[in-house]
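Asker: Curious how this folds, go ahead:
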Amino acid sequence: MIKLIATDMDGTFLREDHQFNRDRFRKILDQFHRKGYLFAAASGRSLLSLQAIFQGFEDEMAFVAENGSIVSYKGKMIFEDQPIEPIVYLELVRRLSASPYGQNSCVVLSGKNGAYLLKSGDREFIERISPFYVKTSLVSDFSEVTEDIVKIVATFPTGEVEVAQEWLNQEFDGVTAVTTGFNSVDIILSDSHKAVGLSKLCEYCGLEATDVVAFGDNQNDLEMLEFAGIALATSNARPEVKQIVDRVIGHCNDEAVLAYIEEMLDEY
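Answerer: Predicted structure coming up:
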């Protein structure tokens, strides 16, 4: 029996305008309550960002945030992964800046309570990235950051993302760069991913992987989709994601995840 539905956000559950049909979702959650199902937002976004997206619903669901590094269930923190050490992210930022890809790159350090960007950074990038974080702070140097950092986001010009990602994964041990869309890569601890967070949530709730239906579209969803009993991808997903799922559904702009869940609720 399906008991946990976990979905990525951008490019999957959310439309390209980063919104979703709240009335439609409300009806789904009401049915989840009656059937004993749990809904989880599993995203590279921060916990604060996910809670803001689902304001009004946040006490009725779970959040697998920061690519599995943080898991919150009905307002209770049930898992926090180890942070990325300052010596690691400061060296990474330094070497990235000196690399062939550093001149046009933009970097964000993401912590549990906010995100950090350089004051000297591109203003257009700062304005574009800020809506994805509830709280952003500008610093003169990343060495000023005192909060634990769980993710580094690096954005590159169109056409450089894949080569920059490959360079990052070749040059640095202990961290992995995965694409998330928007010309960005998320740089996270190599043993940290959405399947880790999802497994912690399942353990807490007494569920198995076979109880999970998961939706995704990008590289940072691969482990989660491989973990789930049923894996689905939106039609706008990357080719390597479509290759490993059980079924490809519609486009995120058509709210294909909501439509699939509604069909599923009628069937089960």
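Asker: Test my guess that Asn169 contacts Ala177.
Answerer: Yes: Asn169 is in contact with Ala177 according to Cβ atoms under 8 Å; the separation is 5.4 Å. In this view, the C-beta of every residue, glycine as well, is placed from N, C-alpha and C.
Asker: Comparing those two, which residue is more hemmed in?
Answerer: The residue with more neighbours, out of Asn169 and Ala177, is Ala177; 25 against 16, by other Cβ atoms under 10 Å.
Asker: Next secondary structure element downstream of whichever strand or helix holds the more buried one?
Answerer: When elements are assigned from DSSP states H and E, Ala177 belongs to strand 175-181. Towards the C-terminus, the helix or strand next in line after strand 175-181, according to DSSP H and E, is strand 184-189.
Asker: Which parts of the chain belong to which domain?
Answerer: Per automatic domain parsing, the domain ranges recorded for the chain read 4-81+192-267, 86-189.
Asker: where does this structure dip in pLDDT?
Answerer: Along the chain, segments meeting pLDDT under 70 span 1, 104.
Asker: you'd agree Phe57 is up against Phe25?
Answerer: Yes: using Cβ under 8 Å, Phe57 is in contact with Phe25, at 7.1 Å.
Asker: Surely Ser110 and Ile149 touch.
Answerer: Yes: assessed by Cβ under 8 Å, Ser110 is found in contact with Ile149 at 6.7 Å.
Asker: re the thing from before, compare Phe57 and Phe25 and say which is more crowded by neighbours.
Answerer: For Phe57 and Phe25, the more surrounded residue by other Cβ under 10 Å is Phe25, and the numbers stand at 20 against 15.
Asker: List the buried residues in the helix or strand harbouring Gln165.
Answerer: Using DSSP H and E, the element containing Gln165 is helix 161-171. Along helix 161-171, the positions that meet the burial threshold by neighbour count (16 or more other Cβ atoms under 10 Å) are Val161, Ala164, Gln165, Trp167, Leu168, Asn169.
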